[in-house]
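1. Have a look; sequence and predicted model below, questions after that.
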Amino acid sequence: MIALDEVELGAGVRAGFTSRLGGTSLAPYAGLNLGDHVGDDPQAVARNRALLASWVGADVVFSAQVHGRGVVVLDRPPTGPVGEADALVSCDPSVAVAVVVADCVPVLLADDEAGVVAAVHAGRPGLVAGVLQAALDAMVGAGARPDRVVAALGPSIAGSSYEVPAAMRDEVEAAVPGTATLTSWGTPALDLPAGVVGVLRAQGVSTIATSSTDTWTDRDHYSFRREGRTGRFAGVVRPTH
């Protein structure tokens, strides 16, 4: 079983976001943990990833995420690990790409007409470093157009929950306007989804779906800030033609 929230990114695109529900991992990763770097049983992770591949209809490529702006473009199935990257672009229907998160913003992008899709890991450092701009540039290089790109943001920590030092809030706000906010208890915070939307709009993407799920409060999703040792859920996307 796999619990997945499918999102509409075009008639020729299969895309969605998982939760922690379903899967075969045991506590503290209990559920559909898709992260292979968190200490979970590798065989459980492999089974969970197989469930994801079955849903999306193709092998799923994951990268080693490092909170940077690196992008890997795939126009055929890779012959081995793709290495470090925080955005993956696929131009091949036989290749689905995924991003794993546990508070960061998972962003799925697609130009259905061009048959180009991307999965982006937009945490605080990557957002500041320009990972979204890098991903869109790579998509354009593969034939996409920003005005045709449709975006979907998955569950992530909400601005009302993401407390940070005031100096960090101000530094990020200077780099990504619109991110500065307050927690629900009145302390300095960052609204990463708002920053993502602002960057996408500035890059010419106008059709953007957001999520109301706050991973800090929603226990159906993994949250590193809430749990520490925990699993990762995913956003996955594939061009189907």
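-> It's in.
2. got the contact list for the nearest residue to V131 once chain neighbours are set aside?
-> Spatially, and ignoring its direct neighbours in sequence, V131 is nearest to R69 (4.4 Å; Cβ to Cβ, 6 or more residues apart in numbering). No exception for glycine: its C-beta is placed from N, CA and C like everyone else's. R69 makes contacts with D86, A87, G126, A129, G130, V131, Q133, A134, as judged by Cβ atoms under 8 Å, 6 or more residues apart in numbering.
3. ok, and the closest non-adjacent residue to the fifth one?
-> If you skip the residues right next to it in sequence, G130 has R69 as its closest partner in space, 5.0 Å away by Cβ to Cβ, 6+ apart.
4. Find me the pLDDT at that neighbour, would you?
-> pLDDT for R69: 97.
5. and it, that's in a strand?
-> No - the assignment for R69 (DSSP: H, G, I helix; E, B strand; the rest coil) gives coil, which keeps it out of a strand.
6. What does it show for phi and psi?
-> Main-chain dihedrals, R69, degrees, to the nearest 10: phi -120, psi 20.
7. Next one: it from V199, what distance?
-> Distance of R69 to V199, computed by Cβ to Cβ, to the nearest Å: 12 Å.
8. ditto for G12
-> Counting by Cβ to Cβ, the gap from G12 to V199 is 25 Å.
9. Same question for R169.
-> In terms of Cβ to Cβ, R169 sits 17 Å off from V199.
10. Kindly report the same for A209.
-> For A209, the distance to V199 equals 15 Å [Cβ to Cβ].
11. Which neighbours do R69 and V199 have in common?
-> Q133.
12. pretty sure V236 is in a helix, no?
-> No - looking at V236 with three-state DSSP, it is strand, so not inside a helix.
13. what about it, how many neighbours?
-> 30 (other Cβ atoms under 10 Å).
14. Name the nearest residue to it, ignoring sequence neighbours.
-> A98 (4.3 Å).
15. Figure out the helix or strand that that neighbour lives in.
-> strand 95-101 (DSSP states H and E).
16. Please state the offset of the helix or strand following that strand from the chain centre?
-> Per DSSP H and E, strand 95-101 leads on to strand 105-111 as the next helix or strand towards the C-terminus. Distance of strand 105-111 from its chain centroid, counting by Cα atoms, centre = their mean, to the nearest Å, is 7 Å.
17. What of stretch 9-28?
-> That offset, for stretch 9-28, works out to 11 Å (Cα atoms, centre = their mean).
18. Please identify the buried residues of the longest helix anywhere in the chain?
-> Scanning the chain for the helix with the most residues, using DSSP state H, yields helix 42-56. Residues of helix 42-56 classed as buried by neighbour count (16 or more other Cβ atoms under 10 Å): A44, V45, N48, R49, L51, L52, A53, W55, V56.
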